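*Asks:* how would this look folded up:
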Amino acid sequence: MIYLIFFVLICFIILIMFANKKQRKSLWNRHVVITGGSSGIGKAIAILAAQDGAHVSILARNVEKLDDAFREIKKYIVTEDQIITRVPVDVSCLEAVENNLLEIEETIAPIFMLVNCAGFAACGRLEDLTERDIKSLVDVNLLGTIYSTKALIGRFKKRREGIIVMTSSVVGLMGMFGYSAYSACKFGLRGLAESLIMELKPYNVSVTLALPPDTDTPGFENENKSKPLETKLMSEAGGLHKSETVAKQILEDALRGHLFSYVGFESFILTTLCIGMSPFSSIIELIIQFILLGPLRLIGAFYIKQFENIVLKCFKNPNIQEKKD
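*Replies:* Have a look, this model is predicted:
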């Protein structure tokens with residue numbers, strides 16, 4: 001009976017949420033810049049933006065991947081006036097980022113939306129990560145987003161409009177075995193996003209923090225090569241999502257001015273549980289969070305115990321890795 005009541009309550013809340021959706025902004029003839037736009041979620045967002053009639057600039061380090069993505073994205077333009085461009089740049093270098101963003105603003109159009117998708121995960125126990133691993137994670141995942149955002153904030157404020165998307169992760173809300181350094185970077189993005197919301201609210205500039213679950217991308221495939229067994233077993237609970245599905249949700253949430261963007265029921269639970277001192281967009285949203293926090297805490301505790309049991313099982317049975325292989 002309790003579960004039935006809880007299910008009905010969830011359905012009621014979801015209906016309210018859909019009824020109170022914010023108006024979606026248009027990308028038609030707007031300029032969208034995507035760091036990490038040569039593959040994975042970034043490229044999928046670039047394709048969707050092109051289909052919405054936007055000018056799209058993709059930034060990444062790998063020139064060959066940029067060229068391939070550029071040709072693919074151009075297939076999805078809907079008008080002959082749309083401009084698609086690619087810029088090879090290392091987002092961990094502030095000067096390079098600022099110079100390139102200034103140049104594409106002057107040559108294409110004022111930037112309306114910045115999507116920070118540049119990032120990668122190096123999985124493993126903290127003691128096994130090298131200094132180079134840790135520095136690269138911080139440089140790309142955290143500083144790369146800070147630098148790109150810093151380069152455009154002044155222009156957004158001057159124009160009194162703009163959208164900033166920061167791609168964090170579900171492990172940007174909770175720590176998980178094997179993601180110590182990576183999770184620290186993604187946690188940092190939440191602090192960045194929430195601070196900037198306060199700074200930019202008077203200027204009509206919105207910030208969206210994307211929290212994608214495991215997504216089927218080249219980066220995820222590479223991440224799996226070093227992923228500890230404990231991490232693999234924990235990740236199985238959330239499943240694997242298509243990059244197109246995640247990209248569509250991120251773009252939709254960003255254009256509606258939502259703070260958090262998530263995919264799937266597990267991510268909904270986690271996001272609500274970790275709401276803390278985050279801003280709320282409406283009284284309805286606040287009431288929903290107030291009602292759900294207690295029951296969801298019990299569900300969250302169940303997941304935590306499951307994860308702890310996985311770690312203990314692997315610790316007590318050293319040969320489990322060989323059996324899994």
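*Asks:* hang on, isn't Asp139 packed against Ala118?
*Replies:* No. Using CB atoms under 8 Å, Asp139 is not in contact with Ala118; the gap is 10.1 Å. Bear in mind the C-beta positions are built from the backbone N, C-alpha and C, glycine included.
*Asks:* Compare neighbour counts for the two and give me the winner.
*Replies:* Using other CB atoms under 10 Å, the more surrounded residue of Asp139 and Ala118 is Ala118, with 26 against 16.
*Asks:* The more buried one belongs to a strand, doesn't it?
*Replies:* No. Ala118 is assigned coil when assessed by DSSP: H, G, I helix; E, B strand; the rest coil, not a strand.
*Asks:* where do the helices sit along the stretch 101-250 of the chain?
*Replies:* Counting by DSSP state H, counting those that start in this stretch, the stretch 101-250 of the chain has helices at residues 131-137, 144-159, 180-200, 218-223, 229-235, 243-255.
*Asks:* Quick one: distance of the first one to the chain centre.
*Replies:* In this case it means helix 131-137. 20 Å (CA atoms, centre = their mean, to the nearest Å).
*Asks:* Longest helix in this protein, please.
*Replies:* Ranked by number of residues, the top helix in the chain under DSSP state H is helix 283-316.
*Asks:* Buried ones in it, by neighbour count?
*Replies:* Within helix 283-316, the residues that count as buried by 16 or more other CB atoms under 10 Å are Glu285, Ile288, Gln289, Leu292, Pro295, Leu296, Ile299, Gly300, Tyr303, Phe307, Ile310, Cys314.
*Asks:* Show me which of the residues you listed is closest to Gln23.
*Replies:* Glu285 (15.7 Å; CB to CB).
*Asks:* Look up how far Val91 lies from that closest one.
*Replies:* Here Glu285 is placed at a distance of 32 Å from Val91 (CB to CB, to the nearest Å).
*Asks:* and what of Glu98?
*Replies:* 11 Å.
*Asks:* Spit out the residues that contact these two alike.
*Replies:* The contact sets of Glu98 and Val91 overlap at Tyr147 (CB atoms under 8 Å, 6 or more residues apart in numbering).
*Asks:* Show me which of the two is the more surrounded one.
*Replies:* Val91 (27 against 15).
*Asks:* close enough to count as contact, the more buried one and Leu59?
*Replies:* Yes. If you go by CB under 8 Å, Val91 and Leu59 touch, sitting 6.9 Å apart.
*Asks:* Next up, the contacts around Val207.
*Replies:* Counted by CB under 8 Å, 6+ apart, Val207 has contacts Ile164, Val165, Met166, Ala193, Leu196, Ile197, Leu200, Leu259.
*Asks:* Just list the residues touching Thr79, thanks.
*Replies:* Shown in contact with Thr79 (CB under 8 Å, 6+ apart): Gly53.
*Asks:* low-scoring pLDDT stretches of the stretch 1-150 of the chain, where are they?
*Replies:* Low-confidence segments of the stretch 1-150 of the chain, defined by pLDDT under 70: 1-21.
*Asks:* give me the number of residues near the closest residue to Phe187 other than its chain neighbours?
*Replies:* Once flanking residues are discounted, Phe187 sits nearest to Gly172: 5.4 Å by CB to CB, 6 or more residues apart in numbering. Look at Gly172: counted by other CB under 10 Å, it has 28 neighbours.
*Asks:* Roughly how far does Gly172 sit from Ile153?
*Replies:* The gap separating Gly172 from Ile153 is 21 Å, by CB to CB.
*Asks:* Mind listing the residues bridging to Ile84?
*Replies:* Val56 (DSSP bridges).
*Asks:* burial measure for it, as a count.
*Replies:* Ile84 has 22 neighbours, counted by other CB under 10 Å.
*Asks:* Check Val89 too.
*Replies:* 20.
*Asks:* likewise the one 4 residues further on?
*Replies:* Cys93 is flanked by 15 other residues according to other CB under 10 Å.
*Asks:* residues in contact with the closest residue to it other than its chain neighbours?
*Replies:* Spatial nearest neighbour of Cys93, chain neighbours left out: Tyr147 (7.5 Å); criterion: CB to CB, 6+ apart. Contacts for Tyr147 were tallied using CB under 8 Å, 6+ apart; they are Val91, Ser92, Cys93, Leu94, Val97, Glu98.
*Asks:* so how far is Asp139 from the residue nearest to the fourth one when sequence neighbours are not counted?
*Replies:* Using CB to CB, 6+ apart and skipping residues adjacent in sequence, the residue nearest Leu94 is Tyr147, 4.4 Å away. The spacing between Tyr147 and Asp139, counted by CB to CB, is 10 Å.
*Asks:* Identify the contacts common to the two.
*Replies:* Any residue near both Tyr147 and Asp139 by CB under 8 Å, 6+ apart counts here, and that gives Ser92.
*Asks:* For Leu255, give me its contacts.
*Replies:* For Leu255, the contact set (CB under 8 Å, 6+ apart) comprises Arg24, Lys25, Ser26, Leu27, Ile163.
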